[in-house]
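Novice: Model the structure of this input:
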Amino acid sequence: MNAAATGLTAQRQWMNLIANNLANMNDVGGVPYRSLEPVLQATYGQGGTVQGVRVAGVAASVAPSKMVYEPGVAGANAAGFVPGSNVSMSVQMVDLLAAGRAYQAAATSFQAAKAESQAALQI
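Specialist: Residues are numbered from 1 along each chain as shown. A predicted model of the protein is given here:
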């Protein structure tokens, strides 16, 4: 149950990062927004067995920024373009589907483990 619970937490954090990325995808001017991605790490118990997963950190995507035509914004080049965010709507939506499916799988696993524990207590 612990492994499933840690999976639920990690996937929820990933979905929160995706929501943040989508909310900032149209930011222009100043320092361009960089898409954020979770860095997942396995957690180990005694004897080196995997106990679950955790978000070890958050990394900014290295994908290049998109150039956006905004001639009135401070920092625009001679052609009127400024660097915008590097958030791709299609990438974020695919990531959201993957995180949602992983969350659903962890929830199903948690429910199955819970049902097994309850059945064992009835014996």
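
Novice: State which helix of this structure is the longest.
Specialist: Determined from DSSP state H, the single longest helix within the chain is helix 89-122.

Novice: my guess is residue 32 meets residue 81, correct?
Specialist: No. Contact between residue 32 and residue 81 fails when scored by C-beta atoms under 8 Å: they sit 11.7 Å apart. Where you see a C-beta, it was placed from the backbone N, CA and C, and this is true even at glycine.

Novice: who has more neighbours, the two?
Specialist: residue 32 (20 against 17; other C-beta atoms under 10 Å).

Novice: That one and residue 66, how far apart?
Specialist: According to C-beta to C-beta, to the nearest Å, residue 32 and residue 66 sit 8 Å apart.

Novice: residue ranges with poor pLDDT in the chain?
Specialist: Applying pLDDT under 70 to the chain picks out residues 29.

Novice: And the helices in it?
Specialist: Assigned by DSSP H, the chain shows helices spanning 2-23, 89-122.

Novice: which helices and strands does the longest one pack with?
Specialist: In terms of contacts (3 or more C-beta pairs under 8 Å, 6 or more residues apart in numbering; DSSP states H and E), helix 89-122 is packed against helix 2-23.

Novice: I'd like to check the angle between the helix it packs on and helix 89-122, please.
Specialist: Interaxial angle, helix 2-23 versus helix 89-122 (axes from the mean of the first three to the mean of the last three C-alpha atoms, to 10 degrees): 160 degrees.

Novice: For helix 2-23, list every residue counted as buried.
Specialist: Neighbour counts using 16 or more other C-beta atoms under 10 Å place 3-4, 6-11, 13-15, 17-18, 21 of helix 2-23 among the buried residues.

Novice: And the contacts of the longest strand along the chain?
Specialist: Criterion DSSP state E: the longest strand present in the chain is strand 50-60. Residues from elsewhere that reach strand 50-60, judged by C-beta atoms under 8 Å, 6 or more residues apart in numbering: 2-3, 5-7, 9-10, 13-14, 17, 34-45.
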